[in-house]
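**Q** Got a predicted structure here, sequence first:
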Amino acid sequence: MRSVRRQPPQHQPRPAAADPQLPIPLDDGSVRLAMIQALIPLGLQAVEEALQAEVTALAGRRYAHQDGRTGVVRWGTQAGSIYLADQKLGLAVPRVRDRR
């Protein structure tokens with residue numbers, strides 16, 4: 001009995017790929033929406049940094065022992081929200097407590 005020979009696959013040349021950069025129409029709101037969605041994380045980061053700076057000003061550096069204790073300590077976080085570009089976004093708001 002004769003064995004069957006396998007023929008190697010014949011590679012077809014691939015057609016040239018289409019232009020990977022598709023034009024974005026500027027007349028609809030998609031560009032504005034894309035820009036807003038790209039900037040929302042930066043806005044959230046700025047708000048969180050401002051909140052942390054305020055807590056540090058009130059309670060001092062985190063895990064640092066202070067000789068002249070002020071009585072203000074960190075006291076966890078609380079769920080909060082802010083509005084950015086007509087979207088309500090969740091945010092963890094740090095809490096401080098005055099022990100005096």
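**A** Cool, got the structure. Numbering: from 1, shown residues only.
**Q** Which helix or strand contains the residue minimising distance to the centre of the chain?
**A** Note on the chain: the residue nearest the mean C-alpha position is residue 41, at 4.3 Å, using CA atoms, centre = their mean. Residue 41 belongs to helix 30-59 when assigned by DSSP states H and E.
**Q** what about that helix, average pLDDT?
**A** Helix 30-59 comes out with an average pLDDT of 88.
**Q** what's the answer for stretch 85-94, then?
**A** 87.
**Q** Could you give me the buried positions within that stretch?
**A** residue 94 (16 or more other CB atoms under 10 Å). Any C-beta I mention is one placed from the backbone N, CA and C, and that applies to glycine too.
**Q** Can I get that stretch as PDB, trimmed to CA atoms?
**A** Written as PDB, here are the backbone C-alpha positions of stretch 85-94 (Å, rounded to 0.1, in the frame of the first residue of the first chain):
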ATOM      1  CA  ALA A  85     -18.600  66.000  33.500                       C
ATOM      2  CA  ASP A  86     -22.200  65.200  34.400                       C
ATOM      3  CA  GLN A  87     -21.200  61.800  35.900                       C
ATOM      4  CA  LYS A  88     -21.400  60.900  39.500                       C
ATOM      5  CA  LEU A  89     -18.300  59.100  40.500                       C
ATOM      6  CA  GLY A  90     -17.600  57.200  43.700                       C
ATOM      7  CA  LEU A  91     -14.700  58.200  46.000                       C
ATOM      8  CA  ALA A  92     -13.300  57.100  49.300                       C
ATOM      9  CA  VAL A  93     -13.200  60.100  51.500                       C
ATOM     10  CA  PRO A  94     -10.700  59.900  54.400                       C
END
